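1. based on what follows, work out the 3D shape:
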Amino acid sequence: MKAKANLKAAYSRSKATASTLVTEAQKLGYASVDLYSEDTAGHTLDDLLKRDDIKAVVIVLPILVQPDIIRRCFAAGKHVLTEKPLAKDVQTGRLLIEDYKKLYASKGIIFSVAEQFVKLLKDLNELDDAAIVKFVGAGKFDEVAAALATLNNVPTELMARVLEGPRSDLVLIPCKSAGLDWLAVETILRHRPVAQPIGEKSIWQANLDYGRLSRETAQRTIRFWQLHNRIEK
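-> Down below sits the predicted model:
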């Protein structure tokens, strides 16, 4: 599948890390990626943001520095795609979102969070079992919910309720509907954000149930949930 965006540059605070990003981009077929870092004269973040051919930026930075970088990108008129959490706490993240709505949204600047990143992965045919397992391993269950929602064409909030709910058996339904293999499903079940971890006996039973559940039945159940806004078998 052909990508809809062209990667122009890679930035990190250190040249060493930025060089790694450029190398990885080249492996993916992006031959001409300019390197920017705070220790590269004439190629700092400020220099990158001055470029008229850079329309949008993807930000994956430590949460302590991320809000300031995002604001600098907004001020330069760039669209921003970033991961959650946006900041070190809810209040800081809320202030950032409020600033965006007050100062930049009316200017046509787009600010997208993890859901949009997941949709981008799908557009690039990279939203697969491995991507979901990686989200789980990083503790990014907002992204897991967004991934299941995108694959099933339902609201992310609906999938979040399933993942965070008390019934592990219901998690099987969107997973089967999306066509995930058992390894990915087991990873989700073992690490989902609930107070009581799943036991080995429940994992064994879930494996049996997942094998018996047909994709068609799972998809019908998903449609019922969405139509009635109710999560029930």
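2. for the most far-flung residue of the chain relative to its centre, what are phi and psi?
-> Centroid-distance maximum for the chain: Ala41 at 32.6 Å, with CA atoms, centre = their mean. Torsion angles at Ala41 (phi, psi; degrees, to the nearest 10) stand at phi -60, psi 130.
3. list the residues that contact it.
-> Applying CB atoms under 8 Å, 6 or more residues apart in numbering to Ala41 gives no contacts. In short, each C-beta sits where N, CA and C put it, glycine included.
4. please tell me I have it right and Leu170 contacts Val162.
-> Yes. With contacts counted by CB atoms under 8 Å, Leu170 reaches Val162, the gap being 5.3 Å.
5. neighbour count for these two, which is higher?
-> Val162 (23 against 18; other CB atoms under 10 Å).
6. domain assignment for the chain?
-> Annotated domains of the chain cover 9-115, 126-228 [automatic domain parsing].
7. check the separation of the first and last residues in the first one.
-> In other words, domain 9-115. The straight-line separation of the ends of domain 9-115 (CA to CA, to the nearest Å) is 23 Å.
8. same deal with the shortest one?
-> For domain 126-228, the first and last residues are 31 Å from each other (CA to CA).
9. quick one: the helices in this protein?
-> Applying DSSP state H to the chain gives helices spanning 15-27, 45-49, 66-75, 90-99, 114-123, 129-137, 141-152, 156-164, 168-178, 182-191, 200-212, 215-228.
10. show me the shaky parts of the protein.
-> For the chain, the stretches flagged by pLDDT under 70 are 1-4, 83-85, 90, 112-114, 116, 120, 229-233.
11. and stretch 191-204, what's buried?
-> Buried positions in stretch 191-204, judged by neighbour count with 16 or more other CB atoms under 10 Å: 191-192, 198.
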